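> just need the structure, nothing else, for what follows:
(chains A and B)
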2 protein chains.
Amino acid sequence: MKKVGVAILGLGVVGGGVYEILTEKREYFKKTQGLDITVETVLEKNVERALSRGVSKATIAANIEEVVSNPNVDIVIEVMGGTEPAKSFVLKALMSGKSVVTSNKELFAKHWSELEEEAKKMNVALMFEASCVGGVPIIRVLQDGMQANRIKSIKGIINGTTNYILTKMAENGADYDTALKEAQKLGYAEFDPTADVEGFDATYKISILSSLAFNSKVCIENVYREGISGIDKDDIAYGKSMGYTLKLLGIGKQSEEGIDVRVHPTFIKNEDPLASVSDSFNAVHLVGDSVGEIMLYGRGAGSLPTGSAIVSDVIFAAKHSENYYTPFKNNVKGNKATKFVSDFVSKYYVRMLVKDDAGVLAKISGQFAKGDISIKEVKQMSSEENLAEIVVITHPALESAMQKTIEKIVSLKEVVAVKGFIRIEE
Amino acid sequence: MKKVGVAILGLGVVGGGVYEILTEKREYFKKTQGLDITVETVLEKNVERALSRGVSKATIAANIEEVVSNPNVDIVIEVMGGTEPAKSFVLKALMSGKSVVTSNKELFAKHWSELEEEAKKMNVALMFEASCVGGVPIIRVLQDGMQANRIKSIKGIINGTTNYILTKMAENGADYDTALKEAQKLGYAEFDPTADVEGFDATYKISILSSLAFNSKVCIENVYREGISGIDKDDIAYGKSMGYTLKLLGIGKQSEEGIDVRVHPTFIKNEDPLASVSDSFNAVHLVGDSVGEIMLYGRGAGSLPTGSAIVSDVIFAAKHSENYYTPFKNNVKGNKATKFVSDFVSKYYVRMLVKDDAGVLAKISGQFAKGDISIKEVKQMSSEENLAEIVVITHPALESAMQKTIEKIVSLKEVVAVKGFIRIEE
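Okay, here's the model as predicted:
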């Protein structure tokens, strides 16, 4: 039976899950995979934490050098998060001829090319299933299940924290701050929630996923990013009444105009299969030119779901001698070789607070017309005294034209404020 | 660049899709996969059909011997369907040292072990992604994305024809015959629809999928099978009003009691993610002990979606030198090595036409009680004159106890008939 020795860097939530799966299922993997996988060493500063997970003192390494020089270690699992020292540790492991399995989306989105170059040089595996959408094997599907396709689009709910917050805002009419606090209390959101709520986490993931989908490196600099912290619960309610559900989507599209990748709050039709993905669940919807629509749904985070993805990579790396290296030039910041759309096209939802005068709607409509933006639907609701709210849904328009039009609308004396501005995908 | 020569056996709907993808995307695969894949030869009796797809006369083989003796052929794609001559052809290909990619679920469900033995002997690949759920990479996910898990259950809408029929019956209140005729007119159902509507096709697929999921061979003899031809539109409507959607499900469960695999019409909750999978779409829902819930959704059939799965297997086989052989003993009919449940547990929906007498409900309830079956919900509706309809929803009960109770209920003089009997999964 093939013996596989692994090292785990970091015994936090995910590292703990990996350790649990590998130790509890050693016999199971012998039987089902023909592999004897053993945890040879772990690197964890917090010795108490390591011991409390059942790791013996002798298994805890003093430093990264001890890990990468251990001849019994074939695969190094990096689950520390952050870019440093994770990056140096991963590079050391690769340079020592160890294969690496990581869940680190930030590291990967920022330094993929550098890591891959080293892995290629040493002919070892560099695997990252757990970096995107936790337990859902989306990377495997993109690499080994969709090769026959030119992928036209990828759309995903790829951040559980924001999906939880938006679900609570929609279900309970909670405002953003209340929903965030609830998410923090339940451990779905960090004390500093910036990475999640401002869309950085989703940006890392859609950068990785759309690179694979489009066979072209999509750097995080190529991704338009907007988070959910500015979302008003009223827009969620108005959208709902007009047939839309609000989600923070990672969106990647490829057409003759180029590649278009973004992260922003997005209204989707209530009937869209992504609309019913609630709480901390994740889902990714793909369209391939041969296969048509495909959707994958599951847990995007958590100790055991992410552990499942890590262990899946460990087993894959142990079973195959051929390693995966991406076929695209992925080392250029700004990425001149790839054509990106300079200005994307979307439909829009705009909510304006206006003075309740006759003719205000005509003035606003006029501005949309001047911007060459066709209106699909208008809804007017009286608000406080002498004020009204107007919601406009547009047909597809250029983002730049839309931004200019909004500027002009804001400057109208009848318009108090543009209160809501949300892109629509349908 | 690695050259890969393929042969296609059968240029019907799926074979045509495979030919189209491989010829149109030859340059794309060179660029993205580093493989130069060429169709070296095809075997198709209907020469006209082959020519009409753009195949040159010189490419058409005279017989299987010519195909398997062609030194330029590395991989043989079998998309003929049926067990013979497909089985002989696949065996000849394997014996000649060719890898085989097949979409043939019937062949695979019935003769997997024999084929695998030959593949193992010759150390070639035997791949079958396209045999289950068309373009959805469920086999890849089970083999390479869920290895860390003990899978507890697999539930799937794995036959598009029946899902289309049931969707139309639910949406339009159409009866079975009308919906079937519509499906036939649109090409979703065959002229002889038996394989689909009686659940044979779904049985082949769930036999393959649950074998992989549970690491134990599940023969088709181990699968309880019941089709949809006896479904009354009234039961769909009553179910709907009680919160249930009717689907033909393939179900596999593994617990300490053993393995339980079935295909039958099933009520699921309207909120179940599988309930919104309509028309000819397919979906598979899995529960793993580490990853929790996962669902995959997409096209289960059709020329290009199935072609996508075939080509995906071709690329995988070409890129990897290690082949997959199943770790379970899969050669025993009846399969004594694996523990199967002798009597499964389910919830039930029962609709009875009864005489509208006082006391009839008491009598019926009495029979359920005697059978040790606990009732969850009862609904009584007046029907024609002097007759009433009673619908009973039960708590979980043994199938054998339920069958005995139904027998007793039928024999009650107050009961005209048991009109509907449908299992519930929630």
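> which strands and helices sit next to the least confident helix or strand in chain A by mean pLDDT?
Every helix and strand in chain A was compared by mean pLDDT, DSSP states H and E; the lowest is strand A:375-382, with a mean of 90. Applying 3 or more C-beta pairs under 8 Å, 6 or more residues apart in numbering or on different chains; DSSP states H and E, we find strand A:375-382 packed against helix A:360-370, strand A:387-394. For glycine as for every other residue, the C-beta is placed from the backbone atoms N, C-alpha and C.
> render the CA-only coordinates of that strand in PDB, please.
What follows is strand A:375-382, C-alpha atoms only, in PDB (Å, rounded to 0.1, in the frame of the first residue of the first chain):
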ATOM      1  CA  ILE A 375     -36.200  52.300 -19.100                       C
ATOM      2  CA  LYS A 376     -38.000  49.000 -18.600                       C
ATOM      3  CA  GLU A 377     -40.100  49.800 -15.600                       C
ATOM      4  CA  VAL A 378     -40.900  52.700 -13.300                       C
ATOM      5  CA  LYS A 379     -42.600  52.600  -9.900                       C
ATOM      6  CA  GLN A 380     -43.500  55.700  -7.900                       C
ATOM      7  CA  MET A 381     -44.300  55.500  -4.200                       C
ATOM      8  CA  SER A 382     -45.200  58.400  -2.000                       C
END
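> ok, residues contacting it?
For strand A:375-382, the surrounding residues in contact (C-beta atoms under 8 Å, 6 or more residues apart in numbering or on different chains) are A:238, A:242, A:347, A:356, A:361, A:365, A:368, A:388-395.
> filter the residues you listed down to the buried ones.
For the contacts of strand A:375-382, a neighbour count by 16 or more other C-beta atoms under 10 Å in any protein chain shown gives the buried set as A:238, A:347, A:361, A:368, A:388-394.
> hang on, the earlier thing: just checking: which of the contacts of strand A:375-382 also lie near chain B?
Among those, not one lies near chain B by C-beta under 8 Å from any C-beta of the partner chain.
> between the residues you listed, which is nearest chain B?
Each of the contacts of strand A:375-382 was checked against chain B using C-beta to the nearest C-beta; the closest is A:Met242, at 20.6 Å.
> show me what contacts that closest one?
Contacts for A:Met242 were tallied using C-beta under 8 Å, 6+ apart; they are A:349, A:377, A:379, A:391, A:393.
> which pair of these spans the longest distance?
By the measure C-beta to C-beta, A:Tyr349 and A:Lys379 form the most distant pair in those, at 10.2 Å.
> mutual contacts of the two, please.
Jointly contacting A:Tyr349 and A:Lys379 under the rule C-beta under 8 Å, 6+ apart are A:242, A:391.
> state the distance from the most centrally placed residue in chain A to A:Ala283.
The centroid of chain A falls nearest to A:Ala202 when counting by C-alpha atoms, centre = their mean (3.0 Å). Here the criterion is C-beta to C-beta, to the nearest Å. By it, A:Ala202 lies 13 Å from A:Ala283.
> still on that earlier bit, let me know the closest of the buried ones among the contacts of strand A:375-382 to A:Gly173.
Using C-beta to C-beta, those come closest to A:Gly173 at A:Tyr238, 12.0 Å.
> name whatever forms a beta bridge with the nearest residue to the closest one once chain neighbours are set aside.
For A:Tyr238, the nearest residue in space outside its immediate sequence neighbours is A:Val391; the separation is 5.7 Å by C-beta to C-beta, 6 or more residues apart in numbering or on different chains. Per DSSP bridges, the residues bridged to A:Val391 are A:Arg351, A:Lys379.
> between the helices and strands packed on strand A:375-382, which gets nearest to A:Asp279?
Closest to A:Asp279 of the helices and strands packed on strand A:375-382 is strand A:387-394 (C-beta to C-beta; 27.3 Å).
> partner strands of the helix or strand following that closest one, with direction?
Downstream of strand A:387-394, the next assigned helix or strand under DSSP states H and E is strand A:397-398. Take DSSP bridges as the rule and strand A:397-398 pairs in its sheet with strand A:345-355 (antiparallel).
> list the buried residues for the strand it pairs with?
In strand A:345-355, counting by 16+ other C-beta under 10 Å, buried: A:346-354.
> any idea how far the nearest residue to A:Asn222 once chain neighbours are set aside is from A:Ser211?
The spatial neighbour of A:Asn222 that comes closest, neighbours along the chain excluded (C-beta to C-beta, 6+ apart), is A:Phe340 at 5.6 Å. Per C-beta to C-beta, A:Phe340 is found 12 Å from A:Ser211.
> who's more crowded, the two?
Comparing A:Phe340 with A:Ser211 by other C-beta atoms under 10 Å in any protein chain shown, the one with more neighbours is A:Ser211, at 26 against 19.
> next up, phi/psi of the more buried one, please.
Backbone torsions for A:Ser211, taken as degrees, to the nearest 10, come to phi -60, psi -50.
> cool, A:Phe340 as well?
Per degrees, to the nearest 10, the backbone of A:Phe340 is at phi -110, psi 150.
> report pLDDT for the residue nearest to A:Asn72 when sequence neighbours are not counted.
In space, and not counting its chain neighbours, A:Asn72 is closest to A:Gly5: 4.1 Å by C-beta to C-beta, 6+ apart. The per-residue pLDDT reported for A:Gly5 equals 98.
> I'd guess A:Gly5 is in a helix, am I close?
No. Assessed with DSSP: H, G, I helix; E, B strand; the rest coil, A:Gly5 is strand; it does not lie in a helix.
> residues in contact with it?
Each residue near A:Gly5 by C-beta under 8 Å, 6+ apart is listed here: A:37-38, A:40, A:70, A:72-75.
> quick one: which two of the residues you listed are the most distant?
A:Ile37 and A:Asn70 (15.1 Å).
> A:Gly288 bridge partners, please.
A:Ile151, A:Gly292.
> next, count neighbours for it.
That count, for A:Gly288 with other C-beta under 10 Å as the rule, works out to 24.
> picking that back up, now render the buried ones among the contacts of strand A:375-382 as CSV, adding distance to A:Val287 and pLDDT.
Converted to CSV, these look like this (distance: C-beta to C-beta, whole Å; pLDDT from 0 to 100):
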residue, distance to A:Val287, pLDDT
A:Tyr238, 29, 94
A:Lys347, 18, 97
A:Leu361, 37, 92
A:Phe368, 30, 96
A:Ala388, 40, 92
A:Glu389, 35, 93
A:Ile390, 34, 94
A:Val391, 29, 96
A:Val392, 28, 96
A:Ile393, 23, 97
A:Thr394, 23, 97
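> name the element the residue of chain A positioned farthest from its centre belongs to?
No residue in chain A sits farther from the centre than A:Ala358, which is 45.3 Å out by C-alpha atoms, centre = their mean. A:Ala358 belongs to no helix or strand when elements are defined using DSSP H and E.
> wasn't A:Ser312 part of a strand?
No. Secondary structure of A:Ser312 (three-state DSSP): helix, not part of a strand.
> okay but it is in contact with B:Gln143, surely?
No. Assessed by C-beta atoms under 8 Å, A:Ser312 is found out of contact with B:Gln143, at 10.1 Å.
> how about the contacts made by A:Ile231?
Taking C-beta under 8 Å, 6+ apart, we find A:Ile231 in contact with A:166, A:169, A:176, A:246, A:265.
> now do the SS call for A:Gly420.
Applying three-state DSSP: A:Gly420 is strand.
> pretty sure it is touching A:Asp232, no?
Yes. A:Gly420 lies in contact with A:Asp232 (C-beta under 8 Å); the separation is 6.0 Å.
> state the mean pLDDT of stretch A:130-140.
pLDDT averaged over stretch A:130-140 gives 95.
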